[in-house]
Structures are given as structure tokens and as C-alpha cells.
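Trainee: With the input below, show me the fold.
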Amino acid sequence: MWLLLLLLSSVDSKGLRGQWLRRNSSCVCTVNSTLWSFPVVKYEHVDEQIESCEVSWKVLQQQVNLSSQSLPQMQLSIRNITARLEPHRYLHHRGLYSSLALPQLVQELTQLETDVGSIHTQLDNKKTQKLSEEADKLRAYVERLQTTDVINMKSVKEKLRYLKNSSEACRTIPRDFRGQDRHCLKGLITNISEPVTTKVSPHGKTYTSGSWGKQAQADSGGESDSYWVQPLLSSHIWGNTLRVYGNYEDFLASVRHKDFSVAPSYSHANAVEGPSAVLYGEALYYHCYRSADICRYDLKSNAVKRVTLPGSGVGFNNKFPYCYYDCRANSDVDLEADETGLWAIYATTGNHGNLVASRLVWDNDAEQLNVTQTWETRLFKKAASNAFMACGVLYATRYVDTDREEVFYAFDTATGKEDNSLAIPLEKVAKEVASLSYNPTNKQLYMYNDGYLLAYQVYF
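Mentor: Down below sits the predicted model:
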């Protein structure tokens, strides 16, 4: 009805006005009757518009219903993507992300070519010749990369890392690099025993972080049987004391020990930072307070020598600690010993936060600590709960549960090969592991486990 009224009301009122005149006392006028006919055409047009609107409304309603059904899935996808993005945002905000800059890549390749050329001049064998040829091939590939394709820079970076590790393996490694012990020739570690020693730290369980073990140098003379404990007494992060026992029996009974002060205070430049120490010969090696340096404290002279770790953006002051669900505070740098000598395990921003292993050598004549070689791995340091060296192989552990860790990764510095398929269980008595170190003199592992001191036998 309202449509009909609308159409009728639209008739021009002027059309009703016509000519009129008087006739016989009557008023006569002419009326155009066509003006009162029903507007069928207009009605049909409006009706079509209404039908079109109804169809459009139904389509829109279907779209709204479909969107309502899809919205929960879209929200779930957004939450999933956001969760996956968070680690990368963390790396970006903490300055741990390093872009693959082509000029930097070319510079690293140039340095590699110089190193390989120097090594080939000294040794001139098939292995160094092969390295030279591979470096030449990589140079040609990078030159093509500069003009044609920048997408494959990641593969070039990985190839460069492999060649750098290979050159380090050739540089100054002796023929018996794997050690004179036959067990090193058997391959990787196959099993680790249950704890053969379980003891509460002599400083008490309240000090949950630190390092301990047996003196690790095989030819150290009178100090070969000594045991030591280095607790972190300030905030479970810093320390300046070392306790040494003459033998295993004194250690178990906590008698006849000697205490050393490696620094005047916990905040001194020579203080110990993180659970990083190892007693090697007559010196304690550890991570120096808030620096990228390794300190060597001489037990006889009380002198401290130091060397700065190589690499772009060496992590310290809790930048690259060991982690599982939580991180072990300030465990950025880890000192280890094995059949091949002394090692520092750490991470750098240049290697994207992945584990780096540098070999350390003490020059007794010059009284100087040197870094002789450095290897880069592809294992993110924060993905490991701890690491140690054995027979020139870097092993990494991860958290399983409150009673068990697991050795899951190995990197062989002699070959540059990695193995992330290991699953060697490692029992513990408390949840968190502060330090884990291998000793080449008796093939045992030493764990500082939340104030408990544990030892294990290693089998190859």
C-alpha cells in the first residue's frame, strides 16, 4: 500500500489544473483522465530494485555468517604466527640478529683466502690444496652473486663457515690431535654411567652455582690427583675463592684443603663470572668479571693473565647463557679441558648466537695465554643446557626433566662434522645444572647440580 501511495503522490499536481468556464450558472472544466492511470512501469522498476536489494542482503548475510565461522580459525592462526614471531623479535630487540651483508661476506672470504694461502704455504699437502681449490670456487660464486643473485647468500655463508672450520682444523693441529689415548679413536661417546660420586658442596646447598672437578692436565706432576671446588658466592653469579684438596679421600671427607683468593672482591676485574672454571695444571682458568676475557690464575705466584676471546660480538654478562626453560645466569663463557688441551665455549652475534669453540694454549716461556684456533657451530647456545669437550669433540646437553639431562649434539673439530641425533641419558639429583666438565685423566664427567657435586664415568 505504501508503494502505491508513493507512486500516486509523485503525480504532478499541476497536471490537475485545466481550462474552466461558466456555463448556465455552472462551472465547467476539462480534466485529463490519463493522469489518474496506475504507474505500472514505475511500479515494476521499483519492485525490481527491491528484489535486487533482497538478493544483495542475502549475499551479505551469507558473507557475514562465513566470516563469523572463519574468525576463530583466523584468530588462532594470528596467535600461532605471533608466538612463532616472538623469538625472532627477541633476537632483533636484543641485537642478536645479524643480517647477511654481502660486503661483510666478501671481507670474510678475503680473510679466509689469506689464511688458506698461508696454511698451504706451510704444509702444502692434499688437504690444503683442496681447501685452496674450494676457496677459489667460492670466490667465483660470490662474484656471480654480486651481479645476479642475492637470495642464496645464506648458502654461501654456510659454505664459508665450513671452509673456515676446515682451515682451523689444518692450522696448527698436531698429528695426534685426537690424543694419544686409544679411546679417542673409537669415535663418539656411547654411554655415561650413573653417578659414581654424589656429595653436597663443602660450601653448602645454598650456593647452587659453581664448578668442581679433578685437576685436568695429565702431565701436571704433583698436582695430578688434586680435587677442587669453585663456588659462586655472590648472587650465584660471581666468585673469588677456590678450594683445593690434595686427593680424592680428602675431598670426600672435606679435610686438609687449601683456599685461594683469585681476586680481592666479587666485583674485581679478576673475579670469576659464571660457572665457568677449570683447574688445569697449576692454574685456574675462568671467565673474567663482566668482560669477553679468559683469566688464568696461577696457584703458585697468584698472578692473573688474561686473553680476549675472538669473534664479532662475544656474548657475556648474560647475553648468551645456557638455557632450558630458564637460563643459568651469566653462563655465557665455559672453560673446558680434554685430551687435546684447553677450550673456551661461548657464542657470538657474528655466529648468530650459535656455539663457538676456541682452543687455548698457555705459553710458559712468554707467560702469555693465546687463542690458537676457533670453530663455529650451527647450534644455538640457548638451546643447550650445558656443553663440554672430549677428544676434540664438542658435546651439548639439554634438559629432559627434573631427574635427567640428555647429550644430544656433537661437533667434531677435527672434521667439522655435526651430529644432532644423539640421545645419551645423564642422571641428576636436582633440577638445574650449573656446570658440566669432562676430565681426560680419568674419563669422568663432573656436574655441579644445584649444590650437589656429581661424577660420572664416560664410555666411548
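Trainee: what mean pLDDT would you report for the helix or strand hosting Val407?
Mentor: With elements delineated by DSSP states H and E, Val407 resides in strand 404-412, which encompasses its position. For strand 404-412, mean pLDDT rounds to 96.
Trainee: Below-threshold pLDDT in the stretch 251-400 of the chain: ranges please.
Mentor: Under the criterion of pLDDT under 70, none of the stretch 251-400 of the chain is flagged as low confidence.
Trainee: swap the cut-off to 90 and go again
Mentor: For the stretch 251-400 of the chain, residues meeting the criterion pLDDT under 90 lie at 276, 312, 324-326.
Trainee: Strands along that one, start to end?
Mentor: Counting by DSSP state E, counting those that start in this stretch, residue ranges of the strands within the stretch 251-400 of the chain are 257-261, 272-273, 278-280, 283-287, 293-298, 304-308, 334-338, 341-347, 354-363, 368-380, 386-390, 393-401.
Trainee: Check the burial of Asp363 by counting its neighbours.
Mentor: Counted with other CB atoms under 10 Å, the neighbours of Asp363 add up to 10. Quick note: C-beta positions are derived from backbone N, CA and C, even for glycine.
Trainee: hang on, isn't it packed against Asn370?
Mentor: Yes: the criterion here is CB atoms under 8 Å, and Asp363 meets it with Asn370 at 6.0 Å.
Trainee: Output the longest helix belonging to the chain.
Mentor: Among the elements of the chain assigned as helix by DSSP state H, the one spanning the most residues is helix 40-93.
Trainee: Show me what the helix or strand just after it is packed up against.
Mentor: Going down the chain from helix 40-93, the next helix or strand is helix 102-123, by DSSP H and E. Helix 102-123 is packed against helix 126-147, helix 153-171, with contacts defined by 3 or more CB pairs under 8 Å, 6 or more residues apart in numbering; DSSP states H and E.
Trainee: Between those helices, which has the poorest mean confidence score?
Mentor: Of all the helices and strands packed on helix 102-123, the minimum mean pLDDT falls on helix 153-171 (a mean of 66).
Trainee: which stretch of helix or strand covers Arg243?
Mentor: With DSSP H and E as criterion, Arg243 is part of strand 241-245.
Trainee: what about stretch 312-323, distance to the chain center?
Mentor: 10 Å (CA atoms, centre = their mean, to the nearest Å).
Trainee: Give the buried residues for it.
Mentor: With burial defined by 16 or more other CB atoms under 10 Å, the residues of stretch 312-323 counted as buried are Gly313, Val314, Gly315, Phe316, Asn318, Lys319, Phe320, Pro321, Tyr322, Cys323.
Trainee: Then stretch 417-432?
Mentor: With burial defined by 16+ other CB under 10 Å, the residues of stretch 417-432 counted as buried are Leu422, Ile424, Leu426, Lys428, Ala430, Glu432.
Trainee: got the residues you listed as a markdown table, with pLDDT, distance to Asp115 and secondary structure columns?
Mentor: Output for the buried residues of stretch 417-432, formatted as a markdown table (pLDDT from 0 to 100; distance: CB to CB, whole Å; DSSP: H, G, I helix; E, B strand; the rest coil):
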| residue | pLDDT | distance to Asp115 | secondary structure |
| --- | --- | --- | --- |
| Leu422 | 94 | 31 | coil |
| Ile424 | 97 | 35 | strand |
| Leu426 | 97 | 37 | strand |
| Lys428 | 96 | 41 | coil |
| Ala430 | 94 | 45 | coil |
| Glu432 | 93 | 40 | coil |
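Trainee: which pair in these spans the largest distance?
Mentor: In the buried residues of stretch 417-432, two members sit farther apart than any others by CB to CB. They are Leu422 and Ala430, at 23.2 Å.
Trainee: which stretches of the stretch 51-200 of the chain aren't confidently modelled?
Mentor: Applying pLDDT under 90 to the stretch 51-200 of the chain flags the ranges 51-187.
Trainee: didn't Leu112 look like it was pressed against Ala135?
Mentor: Yes: Leu112 lies in contact with Ala135 (CB under 8 Å); the separation is 6.1 Å.
Trainee: Now do the shared contacts for Asp363 and Asn370.
Mentor: Overlap of the contact sets of Asp363 and Asn370 (by CB atoms under 8 Å, 6 or more residues apart in numbering) is empty.
Trainee: For stretch 44-64, C-alpha coordinates in CSV please.
Mentor: Listed in CSV are the C-alpha atoms of stretch 44-64, where the atom choice follows Å, rounded to 0.1, in the frame of the first residue of the first chain:
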residue,chain,number,x,y,z
GLU,A,44,7.8,-2.7,-11.9
HIS,A,45,11.1,-0.8,-11.8
VAL,A,46,10.8,-0.2,-8.0
ASP,A,47,9.8,-3.8,-7.5
GLU,A,48,12.9,-5.0,-9.4
GLN,A,49,15.1,-2.7,-7.2
ILE,A,50,13.5,-4.2,-4.0
GLU,A,51,14.2,-7.8,-5.3
SER,A,52,17.8,-6.8,-6.1
CYS,A,53,18.2,-5.4,-2.6
GLU,A,54,16.9,-8.6,-1.1
VAL,A,55,19.3,-10.7,-3.1
SER,A,56,22.2,-8.4,-2.1
TRP,A,57,21.2,-8.5,1.5
LYS,A,58,21.1,-12.3,1.5
VAL,A,59,24.6,-12.4,-0.1
LEU,A,60,25.9,-10.0,2.5
GLN,A,61,24.3,-12.1,5.3
GLN,A,62,26.0,-15.2,3.9
GLN,A,63,29.3,-13.5,3.9
VAL,A,64,28.8,-12.3,7.5
